[in-house]
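Engineer: Need coordinates for the below:
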Amino acid sequence: MDVMLHLLDLQSRRPRFENKQNTSVERERTMTTPLQALQSHGQSVWLDDLRRSLIGSGELKRLIAKDGVCGLTSNHYLFEKAIVGSDDCRDLLEAPESQRLEAKERYERTAVRDIQDSADVLSSVYAKSKRRDGYVSLEVSPLLAHETKGTLSEARRLWHTVARANLMIKVPGTPEGITAVQQLISEGINVNVTLLFAEATYEQTAAAYLNGLDSLARQGGDLSQVASVASFSISRIDTVVDQWIGEQLEGAHGDPGHQGVLRSLLGKVAIASAKTTYQKQLAIFSGDRWQALTRRGAQPQRLLWASTGTKNPTYSDVLYVEELIGPDTVNTMTLATLKAFRHHGRARPSLAENVQAAMSIMDLVHRAGIPLLRLTDKLLEDGLKQSEDAFSELLKTTTHGGKTCSHDPTEFLRIKLLKQLYEGRQHS
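Structural biologist: Next up is the predicted model:
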């Protein structure tokens, strides 16, 4: 096991922006960029970005043609950043008809336009890939994360408002959200399940997808028309586990052997967790039940690696791309990570490598006393809080035409009351 940990350690610590002459020669001979090479391993590249200038400037079309980008993910933070940082949405926000709308309606007016235009650009990818790729994601309000009925209502409304077959509705992987996922899939609505940090939650998500497909099949629906991804966040896992390990080691005077075990796990848990979760995907989407669904046209719910930008500067900046490559997966990258992998990334079928080592690491996490379930539960809680904060800022900026001003008191009183109502139910 020490040898396997050492191999993974060498992979994670590779310096950034290496100049590999042999790699450059090989690329010139094959004329395939590292990003394009991911497709040969069955992985799709989606861009975690959505700006109106991305569409209007032709940059999105260039990324599709040059780098094989075949999907987009968005979130409230990206929309808020686009509104504050540019004039892209000023025309709609300052239009006379927008002045009569509430903050959320004004945001949705701009978001729907950008989502529709992005989906139209990606429609050729959607058609060429036979509905495997070409999707644009739009998320429901984070205030509905613990409201199944509210999530269903908003997801249906957004689905019908955007009116694009290559739209995916983002639903958080809370218990209530996963219940909503099953129903949405049964209605033929594409879903991107977000904020997944644990293997067990992924299994619940996959079960919801299969159950939804079964229900759609019983209704005589066309299974080939619905798709889903399960967004498993990567770098945040290493960040929180590394922090916990650091706290245990700081000023510790315990067993040197145990301290050595903890140090050996630094920067290892996220990739190991992703690899063992991927093995679950392979097992779930096989067997008699799945084969029966595929005969009806169903496609697997793919794992989507999210949060793949490296946060620790001592790790390779393409670590969470290079080590998570395999069939029936998606990696959604920020533009910075995409450019880094384009420059010096190396594609290989890494998800199939060191699988036993990954399982050993996860076993070692348990034996070393790392409270992984508690940490991943906290990641979900923090992720929802960050989404709520981003949504609040987004409403604040749309209220004032893209300017950062004090918020609409009526809108935010409503938000506060909704949160208090939920918290009251939780403690009753």
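
Engineer: Show me what the helix ranked longest in the chain packs onto, helices and strands only.
Structural biologist: In the chain, assigned by DSSP state H, the helix with the most residues is helix 372-399. Contacts defined by 3 or more C-beta pairs under 8 Å, 6 or more residues apart in numbering; DSSP states H and E place helix 372-399 against helix 76-85, helix 103-121, strand 167-172, strand 191-196, helix 235-249, helix 409-426. C-beta here means a position set from N, CA and C on the backbone, and glycine is covered the same way.

Engineer: Tell me where the stretch 301-428 of the chain is predicted with low confidence.
Structural biologist: Scanning the stretch 301-428 of the chain for pLDDT under 70 picks out 397-428.

Engineer: switch the cut-off to 50
Structural biologist: 401-416, 418-419, 422-423, 425-428 (pLDDT under 50).

Engineer: Compute the inter-axis angle for the longest helix of the chain and strand 167-172.
Structural biologist: Angle, helix 372-399 to strand 167-172, by axes from the mean of the first three to the mean of the last three C-alpha atoms, to 10 degrees: 120 degrees.

Engineer: what's the burial count for the residue lying closest to Gly326 once chain neighbours are set aside?
Structural biologist: Among residues not flanking Gly326 along the chain, Leu351 sits closest, at 3.1 Å (C-beta to C-beta, 6 or more residues apart in numbering). Using other C-beta atoms under 10 Å, the number of residues around Leu351 comes to 27.

Engineer: Contacts only, for Leu351.
Structural biologist: Contact analysis of Leu351 by C-beta atoms under 8 Å, 6 or more residues apart in numbering lists Ala274, Lys275, Tyr278, Leu324, Ile325, Gly326, Thr329.

Engineer: returning to that earlier point: quick check: buried residues in the longest helix of the chain?
Structural biologist: Using 16 or more other C-beta atoms under 10 Å as the test for burial, helix 372-399 gives 372, 375-376, 379-380, 383-384, 387-388, 390-399.

Engineer: Same check on stretch 224-234?
Structural biologist: Per 16+ other C-beta under 10 Å, stretch 224-234 contains these buried residues: Val226, Ala227, Ser228, Val229, Ala230, Ser231, Phe232, Ser233, Ile234.

Engineer: Between the residues you listed, which sits nearest Asp133?
Structural biologist: The nearest member of the buried residues of stretch 224-234 to Asp133, counting by C-beta to C-beta, is Ala227 at 9.0 Å.

Engineer: Please name the residues that touch the residue nearest to the closest one when sequence neighbours are not counted.
Structural biologist: What sits nearest to Ala227 in space, not counting adjacent residues and going by C-beta to C-beta, 6+ apart, is Asn190, at 4.9 Å. Neighbouring residues of Asn190 by C-beta under 8 Å, 6+ apart: Tyr135, Asn166, Leu167, Met168, Ile169, Val226, Ala227, Ser228.

Engineer: Ok, Thr332 next?
Structural biologist: If you count contacts by C-beta under 8 Å, 6+ apart, then Thr332 has Val45, Trp46, Leu47, Asp48, Gly71, Thr73, Ser231, Leu304, Trp305, Ala306, Thr308 around it.

Engineer: And these, which of them are buried?
Structural biologist: Buried, going by 16+ other C-beta under 10 Å: Val45, Trp46, Leu47, Asp48, Gly71, Thr73, Ser231, Leu304, Trp305, Ala306, Thr308, out of those.

Engineer: Not including adjacent chain positions, what is the nearest residue to Ala119?
Structural biologist: Of all residues not flanking Ala119 in the chain, Arg164 sits nearest, at 4.0 Å (C-beta to C-beta, 6+ apart).

Engineer: Can you give me the separation between the one you found and Ile325?
Structural biologist: 29 Å (C-beta to C-beta, to the nearest Å).

Engineer: and Asp317, that's in a strand?
Structural biologist: No: going by DSSP: H, G, I helix; E, B strand; the rest coil, the assignment for Asp317 is coil, not a strand.

Engineer: Distance-wise, check it relative to Val191.
Structural biologist: In terms of C-beta to C-beta, Asp317 sits 30 Å off from Val191.

Engineer: Mind checking which of those two has more residues around it?
Structural biologist: Neighbour tally, Asp317 and Val191, criterion other C-beta under 10 Å: the higher count belongs to Val191, 29 against 22.

Engineer: residue ranges with poor pLDDT in this protein?
Structural biologist: 1, 3-4, 6-8, 10-30, 98, 401-416, 418-419, 422-423, 425-428.
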